[in-house]
Each structure stands twice: as structure tokens, then as C-alpha cells.
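Undergrad: Just to be clear, the model below is a prediction. Sequence and coordinates:
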Amino acid sequence: MKFSFNSVCIDIETTDISSEIGSIIQIGAIFLNDEFEEIDSFSTYIFPLDSHRNQKAMAVNKISEDILSHSPTLSEALELFENFVFQKKENKKNRLAAWGAYFDIPFLRAQYKKINRDWPFGHKSIDLKSIATWELSKRNIPLNGGVEKALRYLNLEFEGRQHDALADIKNSVRILKKIAAQEKLKTGWNT
């Protein structure tokens, strides 16, 4: 299998699992080269669009109201995020990748819509969890969990604080990097 990341890998933290009532409160992102090495990273907390807080979600991500009160608005944060993404010529296809892209990308898109901001990214995204699940299934290792479980399967420890968007995406990439090293995967995935 061949991989190429003409994309930026992201993770988000939210106030709820529903994009209708929840807000993004952190975006973490990294650019990778074709060897899964980090070129650059980005992280920002975001002042929520509304006052809704799902207490379970807030307990998981451990982002305090004090941090949020001193954070940029969603519009300001998305401007910073776009500047980070589009400063790299490597991201020609404007594609995003995420562990669980089925959650992060639609949630992010919904936030753009809430503030009447055009979606600047491509329509294709890469689900890093699906790639890891597929590759691990070839070894008869069922991946039915999150980043932490996948790390354990590969005898890796989580680095950083769990449910911090930047730490989560960096650890997600470590999973793919380890799989790639074990399988001697070549880069060049061009979807």
C-alpha cells in the first residue's frame, strides 16, 4: 500500500458530539512529509460559539472555561487555521485527514456553515483510523477503539495529554508511522 499526505492531519475537541448544538473549542493540525515526519504544527483553543457545554465532553477534554475565555473566536481561529493550511505548497489538493474523519470533518464543516464562511478545503478527506484498521486487520488485529487502543496494539505509549487536539493527532500519526515502518510501506498514495 502506498501513502502520500498532500493534506494536513487534524483533530478537534468539542463541547458536544452534536455539531448542531456543540462548538469546536480546539483545533490541532500537523503537516507531514511522505515519511510521516512532522514538517509543522498548529494548535489553537477557540472561544465557543454558544454557551452549551456537554459536561461529559468537557470532562473528557479537560479544557477549562478560563482557557476558553482568553481564546480567539471561531472566525479568528478559522482564519489562523486556514493561514496555516494554505501556507504549504505541499497541500495542493486542500485535503484534510483525521482519525475518525467521519466526525471531525463534518463537524468542522458545520462550524464554517454556522458563521457563514465558505468551506475552503477539498471535498475528499482521509480517515486515518480506516487506514490503520485496514492495515492491522491484515495481521488479524481487530481495531475496535480509539487512538489509545491502537497505540497499545503497537506497543506505543500515548505522548502528551489525551484529548488535547494536537497531542491526539500527533499520536494518530505515530500509529501510521509505526505501521508504515513495519510494513515498509512506500509513499505515493494519490487519491
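TA: Looks like it arrived, so ask away.

Undergrad: C-alpha from now on. contacts and neighbour counts both.
TA: OK.

Undergrad: Longest helix of this structure, counting residues only.
TA: If you go by DSSP state H, the chain has its longest helix at helix 165-183.

Undergrad: list the buried ones in that one?
TA: 165-180 (16 or more other C-alpha atoms under 10 Å).

Undergrad: residue boundaries of the strands in the chain?
TA: Along the chain, the stretches classed as strands by DSSP state E are 2-3, 7-14, 24-32, 38-45, 95-98, 125-127, 186-187.

Undergrad: Of those, which is nearest residue 74?
TA: strand 24-32 (7.9 Å; C-alpha to C-alpha).

Undergrad: The closest one pairs with which strands, parallel or anti?
TA: strand 7-14 (antiparallel), strand 38-45 (antiparallel) (DSSP bridges).

Undergrad: Need the winner for burial among these.
TA: Burial of the strands paired with strand 24-32 is given as mean neighbour count (mean count of other C-alpha atoms under 10 Å); strand 7-14 ranks first at a mean of 26.

Undergrad: Give me the distance between that strand and the centre of its chain.
TA: Taking C-alpha atoms, centre = their mean, to the nearest Å, one finds strand 7-14 lying 2 Å from the centre of the chain it belongs to.

Undergrad: Check stretch 114-126 too.
TA: The chain centre lies 15 Å from the centre of stretch 114-126; the measure is C-alpha atoms, centre = their mean.

Undergrad: got the end-to-end distance for it?
TA: End-to-end distance of stretch 114-126 (C-alpha to C-alpha, to the nearest Å): 24 Å.

Undergrad: Tell me which of the strands of the chain sits nearest to residue 118.
TA: Distance to residue 118, taken as C-alpha to C-alpha, is lowest for strand 95-98 among the strands of the chain, at 15.1 Å.
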